[in-house]
Structures are given as C-alpha cells and as structure tokens.
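Novice: Below is the sequence, then the predicted model.
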Amino acid sequence: MKSGKKKLIALIAAITAVVCIVAVVLIQVFTSGHRVIKVNTFEGAVELARNAEPSDIMEGMNLKSEDMITTGVDGVAELLADEDKVIVAQPNTCFAIKSKGNQDKGKLQIELQYGATVVDIANKLPDGSEFEVTTPNASMSVRGTTFSVRYDAPDNVTIVITNDGVVEVTAGDQSVMVNAGEMAIVED
C-alpha cells in the first residue's frame, strides 16, 4: 500500500510539473506577440471607438491596435502601455492607437487627429522598438523621454514641447532634435 501511495504522489507531482511548464510556455507564446496597452484611468467625457463603432470604456481594459480615443471638453484619459509608457489624452483630443509587434521588437504609434497628448516613456526603448506620435503634418520619434504634442487642426499647426530627453520632429524631408526645455512648431 505504501509503495502504491508513493507512486501516486510521484505521478501527481510529475503531472503538476508538466502542467506548470506548459502554462509558462503558453503565457510566453501568447504575450510575446503583442504589447499590452490599457486604460489606466479616465474622467469626464471619454469615448472609445473600436472598428469604427462606439464601444464601452472601462478602467483596466486592454486596448487594441486601431482603437480610437476621443475626449470631450472635460475629458481626460490616461493609458498605460508596456507598464512603463504613460499616454494622456487631454480635453478635446482625438487619437488612434497603432501597435505592431511587442515592446522589445515593435512599434507603438499615436495618431493625433486633434488636441493634445502628454507622453512619458520611463525607460529607454530597446533596439528594434519604436514609439512615435504623428499628426497630419509632422511625426515625433522618441527612445525614452517626456514630451507633449498639441495639434491644432483648423490651422494645421503642431507644437512639440520636450520636458525630458530628446524628441526628433520630422516634417516633410526636414528633421530637428528638440531637447529638454525646448519647443518646436510645425506649420503647414
């Protein structure tokens, strides 16, 4: 009887080990192919459009590539990407989120249609990873920094202010590096 009990315990231990290994492998497979972007907090009028259709928005929910966030006159939404990138949609702002790959080898892009966003990238991006904010007349590329972008759609003006680090601002075929404490204005 004791020998059978030992064999049963050994079998249960082996099955448990196999299940744990399979679970770890599955978690790595399913999380390595995409990045995690979620709604951290929001207040006031904030709308989410998914597949061009209005969708409920909730704190803690995961966002998908192509999702669009729109804030009203009293709305603010704070998004958290990859646990170390904070993206804030200020009042009267609309932007789409585009994501490819994962945080180690991929691209995260905020397409600012109008309004203002503040971005804080806490850790320097690894080689092979990109973060970009685009407006209809400019693009801002960063590796690790804190900056804000405002796009005035009626006047087609983009204003970039770098708080920390460096932001590369490109308009057409011209690029300029905007250092901490500096501002760049791109006019049509």
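Specialist: Happy to help now that I have it. From a predicted model like this one, the values you see are computed outputs, not experimental measurements.
Novice: what's near enough to touch the residue nearest the centre of the chain?
Specialist: In the chain, the residue lying closest to the centroid (CA atoms, centre = their mean) is A81, at 3.8 Å. Residues in contact with A81 (CB atoms under 8 Å, 6 or more residues apart in numbering) are 35-38, 87, 103, 108. (C-beta placed from N, C-alpha, C; glycine too.)
Novice: Just the closest of those to T135, please.
Specialist: Here the nearest of the contacts of A81 to T135, counting by CB to CB, is I87; it sits at 14.6 Å.
Novice: Without its sequence neighbours, what residue ends up closest to that closest one?
Specialist: Nearest residue to I87 in three dimensions, chain neighbours excluded: L79, at 4.4 Å (CB to CB, 6 or more residues apart in numbering).
Novice: For that neighbour, name its beta-bridge partners.
Specialist: Under DSSP bridges, the beta-bridge partners of L79 are V39, I87.
Novice: how far does stretch 159-179 stretch from start to finish?
Specialist: End-to-end span of stretch 159-179 (CA to CA, to the nearest Å): 14 Å.
Novice: Make sure G44 is actually in contact with A89.
Specialist: No: using CB atoms under 8 Å, G44 is not in contact with A89, being 10.6 Å away.
Novice: list the contacts for T162?
Specialist: For T162, the contacting residues are 145-147, 178-183, by CB under 8 Å, 6+ apart.
Novice: In strands, which of those fall?
Specialist: The strands, defined by DSSP state E, take in 146-147, 178-179, 183 from those.
Novice: quick one, helices of this protein?
Specialist: Secondary structure of the chain, counting by DSSP state H: helices at 2-32.
Novice: what about the longest strand along the chain, distance to the chain center?
Specialist: Among all segments of the chain classified by DSSP E, the strand with the greatest residue count is strand 106-121. The chain centre lies 8 Å from the centre of strand 106-121; the measure is CA atoms, centre = their mean, to the nearest Å.
Novice: Give the pairing partners of that strand; include direction for each.
Specialist: By DSSP bridges, strand 106-121 pairs with strand 85-89 (antiparallel), strand 94-101 (antiparallel), strand 129-135 (parallel), strand 146-152 (antiparallel).
Novice: Enumerate the positions of that strand that are buried.
Specialist: By neighbour count on 16 or more other CB atoms under 10 Å, the buried set for strand 106-121 is 106, 108-112, 114-121.
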